[in-house]
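Trainee: Could you work out the structure for the sequence below:
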Amino acid sequence: MTPIYQTSTFVQAAPGQHKGFEYARSQNPTRFALEEALAVIENGKYGLAFSSGVAATDAVLKLLQPGDEVIAANDMYGGTYRLFTKVFEKFGIRFHYVNMQDANNIKPLVNKNTKLIWTETPTNPLINIVDIAAVSAIAKANNILLCVDNTFASPYLQNPLDLGADLVMHSATKYLGGHSDVIQGVLVMNDQALRDQLYFIQKSCGAVPGPMDCFLVLRGIKTLHLRMQRHCENGEQVANFLRAHPKVGKVYWCGFNDHPGYAVAKKQMRGFGGMISFTLKDDSVDTAKKLLSSTKVFALAESLGGVESLINHPATMTHASIPREERIKNGLSDSLIRLSVGIEDAEDLVADLKQAIG
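Mentor: Below you'll find the predicted structure:
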């Protein structure tokens, strides 16, 4: 097993002559082992680990300068939106939000100041699908950096670098760690110059994970394939149960063959995952909240991607930082419920939702 190098500093052979490691913010053997593993599973050359997914996103935005512009997906994790609007807008970065389910929607927003396209697929929480290869073609034609948040799919189901992305971001807190016991972020890339820029930011700004956290994600990676297979199997059963339930309204899951992004998802993913959102036909917030408080196997909590099943209310939890009018405009209703389907027995999960819906 990779040792946990629980040390802040390293002995040097002579002043200024270290033996590969000098100070744990700059380098740590456990973190290096993880970063190499992350690169391998994303089919990339270089990996960098950060103290959280938001910290990894923050590092990418620090590549930009005042006056630069970013084209971002209008359906994305609320913490990313908060970082863009509440932090980086103050530093003169301009953001344009667009529906990326049709890559052509990006083109009118491209100008000489556009330096980054930020997308995620499947999206959080509406499970929209973005054609990574199509967006990459636009980015490359205009010399724009493309970063894909691959958290919902994980490297087991999707590898954006293979589809033309320059950067892949993960909240390793989710599927990579897999056990809801670590907070961590990840960037993977192929370009050494880009890696060196981001490593400088990682070292200089200091948002690095500790060695124990790196050890936990290394451990999680070892069972990623087994867990993702079960997440996909259980997700399919739960999604089909919900769609057939008379009290359920709309079910958002990219494995349905009538999902608008099904063809693209089938092309660029190896499975459809365990993330599902849905509404009830009685779409009042009170009815949704009653369901959210009635499950016994699904735990009511933020986050996703752990071995245990979680149920979440995006409007008041993960996406509360997005103004209500923006949420509604993008299709995220106040009554939407999001599920992270775990690896428990599928019959138990279905029975739990059945009793909670009533």
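Trainee: Who are the packing partners of the strand or helix carrying Arg338?
Mentor: Arg338 belongs to strand 337-340 when elements are defined using DSSP states H and E. For strand 337-340, the elements it packs on are strand 275-280, helix 285-292, strand 310-312, judged by 3 or more CB pairs under 8 Å, 6 or more residues apart in numbering; DSSP states H and E. All C-beta atoms are positioned from the backbone trio N, CA, C, and that covers glycine.
Trainee: May I see the ones you listed organised as a markdown table, with mean neighbour count added?
Mentor: Formatted as a markdown table, the helices and strands packed on strand 337-340 follow (neighbours: other CB atoms under 10 Å):
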| stretch | mean neighbour count |
| --- | --- |
| strand 275-280 | 23 |
| helix 285-292 | 16 |
| strand 310-312 | 22 |
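Trainee: quick one: which of the ones you listed is nearest Glu89?
Mentor: With CB to CB as the measure, strand 310-312 is the member of the helices and strands packed on strand 337-340 nearest Glu89 (26.8 Å).
Trainee: tell me which residues in the next helix or strand after that closest one are buried?
Mentor: The C-terminal neighbour of strand 310-312 among helices and strands, as given by DSSP H and E, is helix 324-329. Of all the residues in helix 324-329, those buried under the rule 16 or more other CB atoms under 10 Å are Arg327.
Trainee: Could the C-alpha coordinates of helix 324-329 be exported in CSV?
Mentor: Coordinates of the C-alpha atoms in helix 324-329 are reproduced here as CSV (Å, rounded to 0.1, in the frame of the first residue of the first chain):
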residue,chain,number,x,y,z
ARG,A,324,-34.3,31.4,-8.1
GLU,A,325,-35.2,33.2,-11.4
GLU,A,326,-32.0,31.7,-13.0
ARG,A,327,-32.9,28.2,-11.6
ILE,A,328,-36.4,28.4,-13.0
LYS,A,329,-35.3,29.7,-16.3
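Trainee: Which strands or helices does that helix pack on?
Mentor: Checking 3+ CB pairs under 8 Å, 6+ apart, helix 324-329 ends up next to no helix or strand.
Trainee: Surely Lys250 is within a strand?
Mentor: Yes. Looking at Lys250 with DSSP: H, G, I helix; E, B strand; the rest coil, it is inside a strand.
Trainee: List the neighbouring strands of the strand holding Arg338 plus their orientation.
Mentor: Under the criterion DSSP bridges, strand 337-340 sits next to strand 275-280 (antiparallel), strand 310-312 (antiparallel) in its sheet.
Trainee: most residues in a single helix of the protein, which one?
Mentor: Looking across the chain with DSSP state H, the single longest helix is helix 224-244.
Trainee: average pLDDT across that helix?
Mentor: For helix 224-244, the mean per-residue pLDDT is 98.
Trainee: Pull the residues that contact it.
Mentor: The contact list for helix 224-244 (CB atoms under 8 Å, 6 or more residues apart in numbering) reads 41, 154-157, 175-176, 178, 248, 251, 253, 255-256, 271-276, 278, 307, 339, 341-344, 346, 349-350, 353-354.
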